[in-house]
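# predicted model and sequence below, questions to follow.
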Amino acid sequence: MPSFQATVVVSLRSSVLDPAGEATKSAAHRLGIKGIKKLRIGKAIDLEIEAANELEARRRLELLSDRLLANPVIEDWSLNLNHMVSPEPAEMS
C-alpha cells in the first residue's frame with residue numbers, strides 16, 4: 001500500500017490573542033533582536049500514513065486535522081501532502 005508523508009500546520013486564527021507569541025516577541029527584544037513586527041506561535045505535526053491513493057490519504061488527514069489536531073473554534077490548519085518514494089529492494093548477488 002502506498003505511503004504518504006504529511007505535515008499539518010496548526011495556527012491560531014488572526015482574531016485570537018496569542019500570549020505565548022507576545023511573550024516570545026518581548027523576550028526576543030530583550031535579547032537585542034530588533035525588527036520583529038509580529039510573532040505567533042503554532043505547531044507543525046509531521047506524520048506518515050498508508051492509504052490506497054492520495055485522495056484517500058487527504059480525506060483521512062483532513063478528518064484528523066478537523067477533529068483532533070486543531071481546535072476549529074480558535075485554530076486554522078493547512079496540509080502539505082507528499083507521496084513517499086519507496087526504496088528500491090536491494091538486488092541479490
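The structure has been received and is ready for your questions.
# which stretches of this protein aren't confidently modelled?
Across the chain, residues meeting the criterion (pLDDT under 70) sit at 85-93.
# contact partners of whichever strand or helix holds E56?
Here E56 is covered by helix 54-64, with elements defined by DSSP states H and E. With contact meaning CB atoms under 8 Å, 6 or more residues apart in numbering, helix 54-64 is reached by 2, 4, 6, 8, 47, 49, 51, 79, 81, 83. Just so you know, the C-beta spots here come from the backbone N, C-alpha and C atoms, and that holds for glycine as well.
# contact partners for the residue lying closest to the last one once chain neighbours are set aside?
Using CB to CB, 6 or more residues apart in numbering and skipping residues adjacent in sequence, the residue nearest H83 is F4, 5.7 Å away. With CB under 8 Å, 6+ apart as the criterion, the residues that contact F4 are 48-51, 54, 57, 81-84.
# likewise A28?
Shown here is A28, whose contacts under the criterion CB under 8 Å, 6+ apart are 36, 39.
# against L12, how distant is it?
18 Å (CB to CB, to the nearest Å).
# check G35 too.
Taken as CB to CB, the spacing of G35 relative to L12 amounts to 22 Å.
# quick one: which of those two has more around it?
L12 (18 against 6; other CB atoms under 10 Å).
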